[in-house]
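**Q** Predicted coordinates and the sequence they were generated for:
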Amino acid sequence: MKEEIKNHLEQPRELEKLYRDNKTGFKKAFDLLFPEIEQNIAAQIWNERLNFEQREVSWGTKNELFWVIAISLVAGVIAKIPDILGLDPDYFYPRNISFIVFPALAAYFAWKQSLPWRKLIVISAIFVLSAFYINLLPVNEQSDTLILAGIHLPLMLWALLGFTFTGNEFQNDRRRIDFLRYNGDLIVMTTVILIAGGILSGVTIGLFELINIRIADFYFRNIAVWGLAAAPVVGTWLVQTNPQLVKNVSPVIAKVFTPLVLLMLVIYLVAMVYTGKDPYNDREFLMIFNLLLIGVMAIILFSVAETSNNGTGKISTLLLFLLSVVTIIINGIALSAILFRISEWGVTPNRLAVMGANLLVLTNLMMVTYRLFKSLRDAEELVSVENSIASFLPVYTAWTAIVAFLFPFIFGFK
């Protein structure tokens, strides 16, 4: 990439083509090359373009602000449906909480990406049909397939949000990785918003109680619920209009948590052997084991995305490689435990769903680990690590759809 940039420095069209084909690779190669070509006017322009930092917070256009407010209000109305229609919150929220967040975010990105009407109709139809489907499933607290549908449907809707985010470039692996990176930034920004909102709520309630006016119930039922529904939308708006706000936070979190999680996993495996606990005969322990696996896999995905985007040394890449290896060991233990339980007690919806998810994660992890091993020798291979993650996202989506929509019928809603 460095040589290509150098050779096409006086050819603006070719430089732009190189940049659009691989923005992250172009930026990293350009930053390494710039000290050699900094006297060149074109190089100076590209340096400003690639490294310009906006210091003031941007609030976007009036039109964008209008859309953010409108979408937030709609999300708040959906969150208030139990109060408006007199529904049981314990019934409504477990089935519908994802419809408070994901359609609102999808609407924002559909507007930002100016999606064609055909795609808008398809996306809207999937959201509407999914809402009808999950709410028409029979009420049965003992139904494993209902619980599985409630868990996997939000994951499928999250993937639908990703489809909206990528706009007309869904097949572009780079845009899929941008979506993962956006999720990391959104988590950081939304957490900050919720902390600030929590402090404001506490102070407000406390001040009114000082004058003997108790507003806690009214506040949480009529104000806080709107704030909670709007937080992801506002967080997305701030991240999209002010990428500089969190662009340095997510990489730091990734670098700090990667060695800590690696250390925790190693100690945990040793402690598991020492205590004699195993997931083969303890169902609850197996569930916790799989939740641990999902959490670690998410950390690996976000860490790889941030590492490849911001550049890193071999130590960070080595830590990610070791974390992937340890996670493969954990995945192998979990998968063998599930197969043992199936051979001993037969197939159930839970066992089949977990086994399928573990097989997918194991396959993806092995791809990621192999690429990370290669990137220890060649830093540019980190791009292939990203691609191995991005190319697997549709596979995860397909599995979540199968579990959410087919399992209840296959297993007779049991």
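**A** Arrived safely. Residues are numbered from 1 along each chain as shown.

**Q** The nearest residue to residue 238 once chain neighbours are set aside sits in which helix or strand?
**A** With C-beta to C-beta, 6 or more residues apart in numbering as the criterion, residue 238 has its nearest non-adjacent residue at 5.6 Å, and that residue is residue 189. Yep, even glycine has a C-beta here, placed from its N, CA and C like the rest. Assigned by DSSP states H and E, residue 189 belongs to helix 173-210.

**Q** before we move on, what about residue 138?
**A** Using DSSP H and E, no helix or strand contains residue 138.

**Q** so what's it up against?
**A** Applying C-beta atoms under 8 Å, 6 or more residues apart in numbering to residue 138 gives the contacts 146, 413.

**Q** Let me see the backbone angles for it.
**A** phi -60, psi 150 (degrees, to the nearest 10).

**Q** hmm, back to that, check which helices and strands the helix holding residue 189 is in contact with.
**A** helix 144-166, helix 216-219, helix 225-241, helix 249-275, helix 283-310, helix 382-390 (3 or more C-beta pairs under 8 Å, 6 or more residues apart in numbering; DSSP states H and E).

**Q** Next, the angle helix 249-275 makes with the longest one.
**A** Taking axes from the mean of the first three to the mean of the last three C-alpha atoms, to 10 degrees, helix 283-310 and helix 249-275 form an angle of 150 degrees between their directions.

**Q** so for helix 283-310, what's the average pLDDT?
**A** For helix 283-310, mean pLDDT rounds to 70.

**Q** Flag the helix or strand of the chain with the lowest per-element mean pLDDT.
**A** Sorting the helices and strands of the chain by mean pLDDT, DSSP states H and E puts helix 283-310 at the bottom, at a mean of 70.

**Q** chain center to that helix: distance?
**A** The chain centre lies 11 Å from the centre of helix 283-310; the measure is C-alpha atoms, centre = their mean, to the nearest Å.

**Q** So the residue nearest to residue 238 sits against residue 235, correct?
**A** Yes. Counting by C-beta atoms under 8 Å, residue 189 does reach residue 235; the two are 4.0 Å apart.

**Q** domains in this protein, as residue ranges please.
**A** 2-51, 62-244, 248-402 (automatic domain parsing).

**Q** can you tell me which of these comes nearest to residue 412?
**A** Across those, residue 412 has its closest neighbour in domain 62-244 (8.2 Å, C-beta to C-beta).

**Q** Find the residue at the geometric middle of this protein.
**A** When C-alpha atoms, centre = their mean is applied to the chain, the residue found nearest the centroid is residue 183 (4.2 Å).

**Q** Tell me who's in contact with that residue.
**A** Applying C-beta under 8 Å, 6+ apart, the residues contacting residue 183 are residue 302.

**Q** Compile the domains of the chain into CSV and extend it with columns for distance to residue 408.
**A** Converted to CSV, the domains of the chain look like this (distance: least, C-beta to C-beta, whole Å):
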stretch, distance to residue 408
domain 2-51, 41
domain 62-244, 4
domain 248-402, 8
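
**Q** For residue 409, find the nearest of those domains.
**A** domain 62-244 (8.4 Å).

**Q** State the mean pLDDT of stretch 212-225.
**A** Per-residue scores along stretch 212-225 average to 88.

**Q** Between the two ends of it, how far is it?
**A** 23 Å (C-alpha to C-alpha, to the nearest Å).

**Q** what's in contact with it?
**A** Applying C-beta under 8 Å, 6+ apart, the set of residues contacting stretch 212-225 is 76, 79, 80, 83, 197, 201, 204, 205, 208, 209.

**Q** Most neighbours out of those residues, which is it?
**A** residue 79 (22 neighbours; other C-beta atoms under 10 Å).

**Q** so it sits right up against residue 101, yeah?
**A** No. Look at residue 79 against residue 101 with C-beta under 8 Å: they stay out of range, at 9.5 Å.

**Q** hey, what's in contact with both of those two?
**A** residue 229.

**Q** which is the next helix or strand following the least confident helix or strand of the chain?
**A** helix 314-345.

**Q** Report the rounded mean pLDDT for that following helix.
**A** 86.

**Q** buried residues in that helix?
**A** For helix 314-345, burial by neighbour count (16 or more other C-beta atoms under 10 Å) applies to 316-317, 319-324, 326-328, 330-331, 333-335, 337-338, 341.

**Q** same check, this time on stretch 120-128
**A** Quick answer for stretch 120-128 (16+ other C-beta under 10 Å): 123, 126, 127.

**Q** residues touching the last one, list them.
**A** So the one you mean is residue 127. By C-beta under 8 Å, 6+ apart, the neighbours of residue 127 are 99, 102, 103, 106, 157, 160.

**Q** Kindly report the same for the second one.
**A** With contact set as C-beta under 8 Å, 6+ apart, residue 126 has these partners: residue 160.

**Q** That one in helix, strand or coil?
**A** On the three-state scheme (DSSP: H, G, I helix; E, B strand; the rest coil), residue 126 is labelled helix.

**Q** how near is the residue nearest to the centre of the chain to residue 112?
**A** Taking C-beta to C-beta, to the nearest Å as the measure, residue 183 falls 16 Å from residue 112.

**Q** same check, this time on residue 332
**A** As for residue 332, its distance to residue 112 is 42 Å (criterion: C-beta to C-beta).

**Q** can you check residue 120 too?
**A** 13 Å.

**Q** where are the low-confidence patches of the stretch 101-250 of the chain?
**A** 244, 247-248, 250 (pLDDT under 70).

**Q** Residue 109: which element?
**A** Residue 109 belongs to helix 89-113, assigned by DSSP H and E.

**Q** contact partners of that helix?
**A** 67-68, 71-72, 74-75, 78-79, 81-82, 119-120, 123, 127, 130-131, 134-135, 137, 139, 150, 153-154, 157-158, 160-161, 164-165, 167-168, 229, 232-233, 236-237, 240.

**Q** rerun that using 6 Å as the cut-off
**A** With contact meaning C-beta atoms under 6 Å, 6 or more residues apart in numbering, helix 89-113 is reached by 67, 71, 75, 78-79, 82, 120, 127, 131, 134-135, 150, 154, 157, 161, 164-165, 167, 229, 232-233, 236.

**Q** This completes my enquiry, with thanks.
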